[in-house]
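here is my input; please provide its structure:
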Amino acid sequence: EQAGALLPSQTNALFTHLARGPWPTKPLGEAAEIRSGVTLGRRLAGKTVRLPYLRVANVQDGRLDLSRMKEVEILESETEKWKLRAGDMLLTEGGDWDKLGRGAVWNDEIPDCIHQNHIFCVRTSAEQFVPEFLAQFIGSPVGKAYFQGASKQTTNLASINQRQLKAFPVVVPPLHEQRRAVGELDALQAEVDALKRLQAESAAELDALFSSILDRAFKGEL
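Residues are numbered from 1 along each chain as shown. Model prediction:
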């Protein structure tokens with residue numbers, strides 16, 4: 001539990017510090033191009049192509065699950081309009097309340113891939129943002145608190161619209177500061193992952209030891 005809480009705590013502290021720093025803060029809509037994806041089930045008139053597309057299930061918190069992909073038919077003339085580019089950040093429109101604001105960076109894992117309309121694509125310029133920095137900022141406790149406060153909520157689900165996403169206040173440090181922040185969090189994530197692996201190995205060894213002791217006890221060997 002402590003290992004699981006370590007990364008969110010450090011992420012929150014880092015981005016809270018950055019937000020209070022000397023760098024400008026601006027609405028995300030002024031710092032990035034934000035667009036929705038293709039609507040499924042449309043009637044099409046003209047030459048079409050079938051392309052792989054991302055569903056909400058493919059976009060997890062900080063990673064992409066591309067193990068099961070589907071295809072959709074679109075107009076050939078729309079290919080460039082919808083196609084994802086390396087460095088695009090993908091954010092889900094809604095889902096479980098505690099998963100609101102989850103997203104990941106697209107690194108051109110699948111050629112000519114597009115995304116459906118329940119996923120937002122946030123596209124920035126390389127001169128202004130390191131994509132991983134923006135993804136970590138939006139996915140941090142600071143970012144998630146904003147989306148949870150601004151979202152439309154039902155009993156178990158929540159959703160955000162493009163207007164709310166564009167209004168998200170994002171800090172814009174220099175690129176070297178963004179890279180430093182990403183490096184710190186990546187290093188911490190690696191340490192947490194290593195600690196969790198060690199804990200799992202220790203738990204397995206203890207389980208095996210306990211089973212061995214029980215076996216010996218029932219055989220009267222203790």
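
which parts of this protein are helices?
Along the chain, counting by DSSP state H, helices occupy 2-19, 28-31, 79-82, 131-139, 141-150, 162-166, 175-218.

avg pLDDT for stretch 200-220?
Averaging pLDDT along stretch 200-220 gives 77.

pull the helix or strand with minimum mean pLDDT from the chain.
strand 94-96 (a mean of 68; mean pLDDT, DSSP states H and E).

need the pLDDT of the residue positioned nearest the centre of the chain.
Taking CA atoms, centre = their mean, the centroid of the chain lies closest to residue 103, which sits 2.3 Å from it. At residue 103, the pLDDT value in this model is 83.

is it bridged to anything, and to what?
As for beta bridges, residue 103 partners with residue 91 under DSSP bridges.

was I right about it contacting residue 137?
No. If you go by CB atoms under 8 Å, residue 103 and residue 137 don't touch, sitting 10.5 Å apart. Just so you know, the C-beta spots here come from the backbone N, C-alpha and C atoms, and that holds for glycine as well.

what's the overlap in contacts for these two?
Counting by CB atoms under 8 Å, 6 or more residues apart in numbering, residue 103 and residue 137 have no shared contacts at all.

so how far is stretch 166-186 off the chain centroid?
Here the centre of stretch 166-186 is set off from its chain's centre by 15 Å, with CA atoms, centre = their mean, to the nearest Å.

contacts for it?
Contacts for stretch 166-186 (CB under 8 Å, 6+ apart): 7, 10-11, 14-15, 18-19, 21, 23-29, 31, 34, 127-130, 132-134, 136-138, 143, 146-147, 150.

ok, 6 Å please
14, 18-19, 23-25, 27-29, 31, 34, 130, 132-133, 136, 146 (CB atoms under 6 Å, 6 or more residues apart in numbering).

how about low-confidence regions in the protein?
Residue ranges of the chain with pLDDT under 70: 95-101, 154-156, 222.

in a markdown table: the helices of the chain, plus mean neighbour count.
Shown next, in a markdown table, are these (neighbours: other CB atoms under 10 Å):
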| stretch | mean neighbour count |
| --- | --- |
| helix 2-19 | 15 |
| helix 28-31 | 17 |
| helix 79-82 | 13 |
| helix 131-139 | 23 |
| helix 141-150 | 17 |
| helix 162-166 | 16 |
| helix 175-218 | 12 |
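
between those, which one is closest to residue 63.
helix 131-139 (10.2 Å; CB to CB).

packing partners of the closest one?
strand 89-92, strand 103-105, helix 175-218 (3 or more CB pairs under 6 Å, 6 or more residues apart in numbering; DSSP states H and E).

the longest one: how far from the chain's middle?
Right, the one you point to is helix 175-218. 22 Å.

cool, stretch 73-84 as well?
24 Å.

how about stretch 205-222?
44 Å.

the residue nearest to the centre of the chain is in contact with residue 93, isn't it?
No. With contact defined as CB atoms under 6 Å, residue 103 does not reach residue 93; the gap is 10.7 Å.

quick check: residue 208 vs residue 198, distance?
Residue 208 sits 16 Å away from residue 198, taking CB to CB, to the nearest Å as the criterion.

so what's residue 221 up against?
So residue 221 contacts nothing (CB under 6 Å, 6+ apart).

again, only using 10 Å
213, 215 (CB atoms under 10 Å, 6 or more residues apart in numbering).

can you give me the distance of it to residue 207?
Distance from residue 221 to residue 207, by CB to CB: 19 Å.
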